[in-house]
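>>> Would you be able to build a 3D model of this:
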Amino acid sequence: MSLASLFSPEHFLLLSSTATALFTLLALWNALVVQDSTARRVQALTAYRDMLKAGVQTGRRHRTRASIGSTAMPLITRVVAALNLMRGRQIERISLRLARAGWRSRDALAVYVFAKTILPFVVGFGAILFFAFGAQPLKPAIRYAVLFGGFAVGLFGTDIFVRNAGDRRIHRMNNSLPDALDLLVVCAEGGLSLDAAITRVSREMMTASPDLADELSLTAVELGFLPNRQTALQNLTRRTDMLRLRSLVNSLAQTERYGTPLANTLRILAAEYRDERMMRAEEKAAKLPAVLTVPMILFILPALFIVLCGPVALRVIDLMNGH
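Below you'll find the predicted structure:
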C-alpha cells in the first residue's frame, strides 16, 4: 500500500467520523450520568486531610518510610507491638513533640519509641565489645565512664535529636510568619473567608516555607471538617508550640467570635512580627564584633604575625649564621 493511498480522503473521512462518534458518546455519557460533586469533594478533602496528618505531603523532606526503608519498618512495627510500647500516658505528649518537629505519622511514633528503647542497649553493648576487643586496655574508671556515657547518649540522644529538629523547624516558621501574615492580609482584603485565605496562603508559601505551608494546610482542612472552629485553631498551637502562632490564633478566635475586621488584626500582627524580626537581625549584627574577636585572635592574628615578622626572623637567622 502506497503512502498516497494510506492518506486518501476516504481514510481521512473515516477516521474523523470515528473520532467524532467517540467524542459524542463521551459527551452524552458525561451529560446523562448524575455526578455527586459534594460527595466527590468530601472524599477529596478526606484524603487530603489524611495525607497531611500522615506527614506525606508532596515536597516534604521528612518521610519516615523513605528514610528508614520499607524493609526495616515492618520489623520495627512488630517489635513495638510485641513489647506493647505504644501504651501509656506519655504517648500523646510524644506525639505532640514529634508533630512539633514535623513528623505526624504513626510510623514516626513507632520509630521514636523503638529507638528510645533499643538505643541504650545497643550503645552499651557496643561499648562492651570495644572494651573486649580493644587494642589497649583501659582503666576500670574510664571503662565505667564510657559505658555510662554511652548508655546516657542512647537514652537521651533520641529526645535531643527530636527537640533540635523541632527547634530548627520552629525557627524557620518564625522567619516566614510575617510574610504569611502579609499574604493573609491581602486575601482578607480581597474578600476571602478565613478558610479560603489560609488555603491560598498555604499554597503560595509552599516554596518559600514548606513547614509553615504544611501547618496552614492542615489547619484549613480542620476548619472545614471539625464542628468547632476554635478547636481547629487551638490544634495549630498545640502542634507547633509557637508564641507567635498562639497570638495569631487568639486574634483569629476573637475575630471569629466578635466579628471584628480580619484584615486590620492581621495587618497589626504582621507589622509587629516584622519589626521583631528586624530587631533580632539588628541584635545579631550588634553582637558580631564581639563574636569575631576570638576567631581573629586564634586564626587571623597568628597568620598576620607570620607574614609581617617572618622575613625579619629569616633575615636575623641569616645574619647570625654569617651569611
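
>>> Now the element after whatever helix or strand Val201 lives in, going C-ward?
According to DSSP states H and E, Val201 maps onto helix 194-204. The helix or strand immediately downstream of helix 194-204 is helix 210-225, counting by DSSP H and E.

>>> quick one on the thing from earlier: avg pLDDT for the helix holding Val201?
Predicted confidence along helix 194-204 averages 87 (mean pLDDT).

>>> how about the helices of this protein, start to end?
3-6, 9-32, 37-53, 64-68, 72-83, 90-100, 106-133, 140-189, 194-204, 210-225, 229-240, 243-258, 262-295, 301-320 (DSSP state H).

>>> ok, of those helices, where does mean pLDDT dip lowest?
Here the lowest mean pLDDT among those goes to helix 64-68, at a mean of 46.

>>> so what's Gly249 up against?
Actually, residue 249 is Val. It isn't Gly. If you count contacts by CB atoms under 8 Å, 6 or more residues apart in numbering, Val249 has them with Leu233, Gln234, Leu236, Thr237. Backbone N, C-alpha and C define where each C-beta goes, glycine included.

>>> what's the answer for Ala110, then?
Listed by CB under 8 Å, 6+ apart, the contact set of Ala110 reads Ile76, Thr77, Val80, Met86.

>>> Contact partners for the nearest residue to it once chain neighbours are set aside?
Nearest-residue entry for Ala110: Val80, 4.8 Å, with adjacent residues in sequence omitted and distances by CB to CB, 6 or more residues apart in numbering. Neighbour list for Val80: Met86, Ala110, Val113, Phe114 [criterion: CB under 8 Å, 6+ apart].

>>> any chance of those in TSV, plus distance to Leu147?
Formatted as TSV, those follow (distance: CB to CB, whole Å):
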residue	distance to Leu147
Met86	29
Ala110	28
Val113	24
Phe114	22
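
>>> What's the local residue count around the closest residue to Arg267 other than its chain neighbours?
With CB to CB, 6+ apart as the measure, Val185 is the residue that lies nearest to Arg267, at 5.0 Å, once sequence neighbours are left out. By other CB atoms under 10 Å, the residues close to Val185 number 22.

>>> Could you number the chain from 370 rather than 1 from now on?
Yep, numbering from 370; the last one is Val554 now.

>>> that older thread, any chance of the contacts of Ala479 in a markdown table with distance to Phe490 as columns?
Converted to a markdown table, the contacts of Ala479 look like this (distance: CB to CB, whole Å):
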| residue | distance to Phe490 |
| --- | --- |
| Ile445 | 15 |
| Thr446 | 19 |
| Val449 | 15 |
| Met455 | 19 |
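
>>> Can you tell me which of those residues is closest to Val590?
Closest approach between those and Val590, by CB to CB: Met455, at 25.5 Å.

>>> Break this protein into its domains for me.
The chain breaks down by automatic domain parsing into domains covering 415-423+433-537, 542-648.

>>> ranking those domains by burial, who's on top?
domain 542-648 (a mean of 18; mean count of other CB atoms under 10 Å).

>>> gap between that one and the chain center?
Relative to its chain's centre, domain 542-648 lies at 17 Å (CA atoms, centre = their mean, to the nearest Å).

>>> and if you look at stretch 508-515?
40 Å.

>>> contacting residues around Leu454?
Applying CB under 8 Å, 6+ apart, one finds that Leu454 lies in contact with Val482, Phe483, Thr486.
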